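Asks: Next one to model:
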Amino acid sequence: MISEKLGISKQEANLSMSFIYVAFISLLIGGLMGLLQTLVRSGTLTLPWGIDYYQILTVHGVILGLVLTTYFIIGFQYALMNKTVGMTDKQRKTAWFGFCVMLVGTIMASITILLGKANVLYTFYAPLQAHPAFYIGLALVIIGSWVACFVNFRQMYVWKKQHKGEKSPLLAFMVVINMLLWFIATLGVAAAVLVQFIPWSLGYAETINILVSRTLFWYFGHPLVYFWLLPAYMAWYAIIPKIIGGKIFSDSLARLSFVLFLMFSIPVGFHHQLTEPGIDPLWKFIQVVLTFMVIIPSLMTAFSMFATFEITGRKKGYGGLFGWFKHLPWKDVRFLAPMIGMLAFIPGGTGGIINASHQLNQVIHNTIWVTGHFHITVATTVILSFFGISYWLIPALTGRKLTSKINKLGIIQTIVWTVGMTIMSGAMHIAGLLGAPRRSSYSEYGGTEQATDWIGYQVAQAIGGSILFIGILLMVYIFIQLAFFSPKGEEEFPIAEEEPDAEPTPKFLENWKLWIGLTVALILFAYTIPFIDIIQTSPPGSPPFDWPIGNS
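Replies: Numbering: from 1, shown residues only. Below you'll find the model as predicted:
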């Protein structure tokens, strides 16, 4: 039975857990595909039964990059909203409808991939063509996620109406910002899927405008990274301080950082297309400059977190220059997992600056460096933070306890994950600097000398991937224990409070019309002229290709 002290009813807990169940099933399936992928790429495994490498690569990318993250985030955010602003019966029924739509879409897309009818990878770049059911499934997932957006917006609206003049709860504010970002960003990929890909795959259009489709994808694809990252930031800002026995450093700084992420994470997609012809270099430069603006809220977050750690430690009497750091609760997996995620974001963020820099991008573009960067940011910073959240969220929702045994096993899992990812991602970064391509299966490239330099690093990727899969099995076991077998009891839902003498949060930070208006203005500035130019000057559209070419 869920304690009323949590402010989350049994029905609301079931809603969040349904999303989280799908996320952890996805972790197991996608992780297995990742293991097979690294083994094939190292030349140590040949796939049986005619399974294609790009088939498992697509499953790995879509299931982990889109399904796991989106379902976990929505489930987590529903829990935060229900805890802080509440949920009505009507809102809950609407949320269940959105879940069902997402699940139908996920199943449709997954079946087409598993049948080998959608070997188009995570980015589903045209002119590679998938079965229409793949694109229709994606559209349903997006529509279902929009339902979650509007449920969260409605929850905030109802709360504000009942608490006129009051500052909204910090976590609810953060959830609304993240769902605004998601809704605005997915408009691009929804337009591409509905207007271009579905008619093209059904045969109503013979060709597709490749540059338009890729531009619409990356309008979505870069803010997608921040949709993943901001829930981790929610935990860092407002939950980790409670776990370590501290307070929120600055409510105002936290809100401002989220507002800046909303404004500057969307109009920057061209930095993923720096080598793409057909886009005016001036607009590439402008979007690179806007990309670097995102560094500001990232540095604000780093400052805020380490200020929280130091202030808390010194209040507890730990002196010296780094005494506070040494006495952080390293043996509490709720802290350790997201803390390692924070530390991983230092090299991850640095790699992002390299990726977005025009000259440096020429060196690493389309190499496996980019894959290594992706794994150290999303698969380390984000996923370890999600794991850290799971250790308290799942027992809080299921009415069970985080036992000392599971805590110790969680610490082992975190270390295993960190070691595996360090080996795999490090090997990817080095191989990328040597020119090793991404998206490619095992090949000796005709025995060329350059390719021989890559093989050893591909073996290292397989070793790291194998260690990671052990970490996945451990995490799935921990999840099953927390959800079904741990002792019954009440687990803390840790939400930190502000310092009692904190400065009041300026009201303009909750001026939604201002921030949405500025975000839309930046998007229109960054995309209107170049997008019109792309439509007017694009080369002829392309007929469809299957990958591998010739497969049907």
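Asks: host element of the residue lying closest to T519 once chain neighbours are set aside?
Replies: Excluding its sequence neighbours, the residue lying closest to T519 (CB to CB, 6 or more residues apart in numbering) is M263, at 5.0 Å. C-beta: built from backbone N, CA, C; applies to glycine. Here M263, judged by DSSP states H and E, is contained in helix 251-264.
Asks: any idea how far the nearest residue to I51 once chain neighbours are set aside is from W49?
Replies: Leaving aside its sequence neighbours, I51 sits nearest to G116 (CB to CB, 6+ apart; 7.9 Å). From G116 across to W49, the span is 11 Å (CB to CB, to the nearest Å).
Asks: which of those two has more neighbours?
Replies: Taking other CB atoms under 10 Å, G116 and W49 do not tie; G116 has more neighbours (17 against 4).
Asks: pLDDT wise, what is that one at?
Replies: Note on G116: pLDDT of 90.
Asks: helix/strand/coil for it?
Replies: When classified by DSSP: H, G, I helix; E, B strand; the rest coil, G116 comes out as coil.
Asks: My read is that it contacts Y53, right?
Replies: No - using CB atoms under 8 Å, G116 is not in contact with Y53; the gap is 11.4 Å.
Asks: All the helices of the stretch 251-400 of the chain, residue numbers only.
Replies: 251-264, 281-293, 295-315, 323-326, 333-356, 358-364, 368-376, 383-398 (DSSP state H, counting those that start in this stretch).
Asks: Mean pLDDT for those - can I get that in TSV?
Replies: Below are the helices of the stretch 251-400 of the chain laid out as TSV (pLDDT from 0 to 100):
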stretch	mean pLDDT
helix 251-264	96
helix 281-293	93
helix 295-315	93
helix 323-326	88
helix 333-356	94
helix 358-364	90
helix 368-376	95
helix 383-398	97
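Asks: I'd like to know which of the ones you listed lies nearest to G98.
Replies: G98 sits nearest to helix 383-398 of all those, at 18.4 Å, using CB to CB.
Asks: Between helix 333-356 and that closest one, find me the angle.
Replies: Relative orientation of helix 383-398 versus helix 333-356 (axes from the mean of the first three to the mean of the last three CA atoms, to 10 degrees): 140 degrees.
Asks: export helix 383-398 as CSV, just CAs?
Replies: Extracted in CSV, the C-alpha atoms of helix 383-398 (Å, rounded to 0.1, in the frame of the first residue of the first chain):
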residue,chain,number,x,y,z
ILE,A,383,21.6,6.6,-17.8
LEU,A,384,23.6,6.4,-14.6
SER,A,385,21.5,9.3,-13.3
PHE,A,386,18.3,7.4,-14.3
PHE,A,387,19.7,4.3,-12.4
GLY,A,388,20.3,6.5,-9.4
ILE,A,389,16.8,7.8,-9.5
SER,A,390,15.5,4.2,-9.8
TYR,A,391,17.0,3.1,-6.5
TRP,A,392,14.6,5.4,-4.6
LEU,A,393,11.8,6.0,-7.1
ILE,A,394,10.8,2.4,-7.8
PRO,A,395,10.5,1.3,-4.1
ALA,A,396,8.7,4.6,-3.3
LEU,A,397,6.1,3.8,-6.1
THR,A,398,5.8,0.1,-5.2
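Asks: Which strands and helices lie in contact with the next helix or strand along the chain from that helix?
Replies: Sequence-wise, the next helix or strand downstream of helix 383-398 (DSSP H and E) is helix 404-433. Applying 3 or more CB pairs under 8 Å, 6 or more residues apart in numbering; DSSP states H and E, one finds that helix 404-433 contacts helix 333-356, helix 358-364, helix 368-376, helix 383-398, helix 449-480.
Asks: other SSEs contacting the fourth one?
Replies: Helices and strands touching helix 383-398, as assessed by 3+ CB pairs under 8 Å, 6+ apart, comprise helix 10-41, helix 69-84, helix 210-238, helix 333-356, helix 404-433, helix 449-480.
Asks: if we compare those helices, which one ends up closest to Q162?
Replies: Nearest to Q162, of all the helices and strands packed on helix 383-398, is helix 69-84, at 13.0 Å by CB to CB.
Asks: ok, now which ones touch Q11?
Replies: Residues in contact with Q11 (CB atoms under 8 Å, 6 or more residues apart in numbering) are R92.
Asks: can we see that at 10 Å?
Replies: Going by CB atoms under 10 Å, 6 or more residues apart in numbering, Q11 touches 2, 82, 87, 89, 92-93, 96.
Asks: separation between the closest residue to I472 other than its chain neighbours and S390?
Replies: Leaving aside its sequence neighbours, I472 sits nearest to G31 (CB to CB, 6+ apart; 3.8 Å). Computed as CB to CB, the G31 to S390 distance reads 15 Å.
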